[in-house]
Every structure is written in C-alpha cells, then in structure tokens.
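Engineer: A predicted structure for the sequence below; I have some questions about it.
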Amino acid sequence: MRLAPFAVVLLALGACASAQAPRPAPANDAIVLRELPPTPPPAMQWLYGSGEGGAASIQAWHAFRDYVVAAVRDRPRDSVVLAADATLDAPRFLPCGDRPLAVILDADETAIQNLGYEFDEAIARSGYDQARWNRWERTGADAVLPMPGAVTALRAVREAGVTVIFNSNRQSANAEFTRRAIEGAGLGPARHRETLWLQGDVAPGSAKDPRRATVSQRYCVIAMAGDQLGDFSDLFNVRTLSVPERRRAATSGRFAQMWGNGWFMLSTPVYGPSIRGDFDDVFPRDRRWTDPGAE
C-alpha cells in the first residue's frame, strides 16, 4: 500500500550516508541528467539492494505459498478477513461457507518493487507528492520488478486452484496502467474489479476494508499479504491509535497468532505509517542504556 512517506525520516536516514560530494550521472545515462547523491537512503539500500532484504522477501513468500497450499488441503471454516463488527479488542473473522478460495495481496512493495519511482525519490529527496505518484502510475509500468519470491509463490497458489486478488491503493482511474505493471512483472493476471481492486472502486478514500468486504461476498479468503497493517485491517490505521498502542495491538492476543498463519507481512522501511514514533514511543524508559565509558 502506497501512503505518503515521512520525508523527515528519510532525510534523517539519508544524513547517515557518506558526506562526500555528489557525483554526476554517467555521461551515457540518458534516463537521468540530474546529479546523483553519493548513495540512496539506507532504507532503500536495504529494501531494494541488499541480499538481506531479498532473502526476507523470499522467506515471506515461501511461507505464504506453503500456508495456502496446506489450507487448500484442509479447508478452513473462517476467512482471514475481519467481520464488519470486529474490533482490536474483540476480533471476529468472516465465515467461509462454501465460497471458492482466494488470497488478497497488496501490490506496492508487497508484490512489486517500485524501483523507478523510488530512484526518482532518492534523487529528489522531496517527500511524497500525490501528483508525482499519479504520473508514476500512468507512466512507470515498465520500471518495476516483482518482489523476490512473489512470482513463483503466486504461480503455485494459482496451480493449487486459488484465485489471486490484488487490493491496492493505486487509483481506479489508472487501472489499465496498474494492470500492465502487475502483469509485466510476471505477477498477473489482474482484471480490474475482478482480481484487481483499487482506490475508488467500492468507496472513496484509502480504506481497504470495503474492498475486502466486497471480495469476501464471493470468496473465502484464506490468506493475505501486505507491507503495512492496513493491508490486513483498517482498524490499525485509526489516527487516535498511538505508536505503542498500534504495536501492542499487532503483536498480542489473537492478532499475534495471525502472522504466518493467514496474514503475511513483508518489511518496508522506506515509507508508510510504520515510519513514525519519537524516543518515548520507540525506546522504553526502563530499557535505556548510556555507555559508562563515554566522555
């Protein structure tokens, strides 16, 4: 799910990179004429460049594949989609009935890597801009790659007889371009309002629960994958939920049991609502340490 990145965090991360002077783009580089910074931001280095980031993605997709194939053999009674009356304190999942099986996936940084857009962002360091993102949706279909492990995992899921459905916060008006990006990356097929649901298809705004509910009218959803908590339930995106409360909700009780058991999270340190929190949110006061040898 593509949400506005936190520019201050990215700039802070970028400040940790080497302080050497920017280097110009190679003379034979016809794509970008702007000067390149010494390195991309560390979060982008990890997600798009590192072996560790690629391995984590493959690990998640292997687990997703294995869970789905097993669920086909032992059909679950309940979906992994929360019912409309569910709360963080009292989660309840939709019953499956005899509906055919499906999985729901986020697209951006879950199934596809937006390498072209993030390259531009790494140079501009200007923060998220909706107009620029819309231009990317319309013109960047050839500048993406699949997330490592996603292509083979989704192939196995389809071979097991399970429908693959994408639920993305890309714009409905750009559906054809998003279809091209997904299918061009080897992740398709993706048919708008059938196996591809986008912002504006069911209800206005970025909430994904209305689209999950629509899909659930036809399918028993046996697994979901995403890179942000909102890819599993909009309950995690309530603005009054503090950083510690949000983490506690996702890692305790019934929800803690869902990770790897129907819900599969891929790490995205580049953007989104996970990139927030002050020192008190991140570091408990009773677990802080100061080097006694520091001057």
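Structural biologist: Alright, I've got the coordinates. Numbers count the residues shown, from 1 in each chain.
Engineer: report the secondary structure state of V103.
Structural biologist: Of the three states, V103 takes strand under DSSP: H, G, I helix; E, B strand; the rest coil.
Engineer: and it, what does it touch?
Structural biologist: F64, V68, V157, V162, T163, V164, I165, V221, I222, A223, M224, A225 (C-beta atoms under 8 Å, 6 or more residues apart in numbering). All C-beta atoms are positioned from the backbone trio N, CA, C, and that covers glycine.
Engineer: and for Q113?
Structural biologist: If you count contacts by C-beta under 8 Å, 6+ apart, then Q113 has L47, Y48, V144, L145, P146, M147 around it.
Engineer: can you pull out the helices in the stretch 151-295 of the chain?
Structural biologist: Using DSSP state H, counting those that start in this stretch, the helices of the stretch 151-295 of the chain run over 175-184, 209-216, 243-250, 253-258, 279-282.
Engineer: mind checking which of the contacts of V103 land in strands?
Structural biologist: Residues from these lying in strands, with DSSP state E as the criterion: T163, V164, I165, V221, I222, A223, M224, A225.
Engineer: would you convert those residues into TSV that also reports neighbour count, distance to V103 and pLDDT?
Structural biologist: Converted to TSV, the ones in strands among the contacts of V103 look like this (neighbours: other C-beta atoms under 10 Å; distance: C-beta to C-beta, whole Å; pLDDT from 0 to 100):
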residue	neighbour count	distance to V103	pLDDT
T163	17	7	98
V164	22	6	98
I165	22	7	98
V221	27	7	98
I222	24	6	98
A223	24	5	98
M224	27	7	99
A225	25	7	98
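Engineer: pLDDT weak spots in the chain?
Structural biologist: Within the chain, the segments meeting pLDDT under 70 span 1-34.
Engineer: and the strands in it?
Structural biologist: Taking DSSP E as the criterion, the chain carries its strands at 78-82, 93-95, 101-105, 112-113, 145-146, 163-171, 196-199, 220-226, 263-265.
Engineer: any chance of those in a markdown table, plus distance to L235?
Structural biologist: Output for these, formatted as a markdown table (distance: least, C-beta to C-beta, whole Å):
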| stretch | distance to L235 |
| --- | --- |
| strand 78-82 | 7 |
| strand 93-95 | 13 |
| strand 101-105 | 16 |
| strand 112-113 | 26 |
| strand 145-146 | 29 |
| strand 163-171 | 16 |
| strand 196-199 | 19 |
| strand 220-226 | 14 |
| strand 263-265 | 13 |
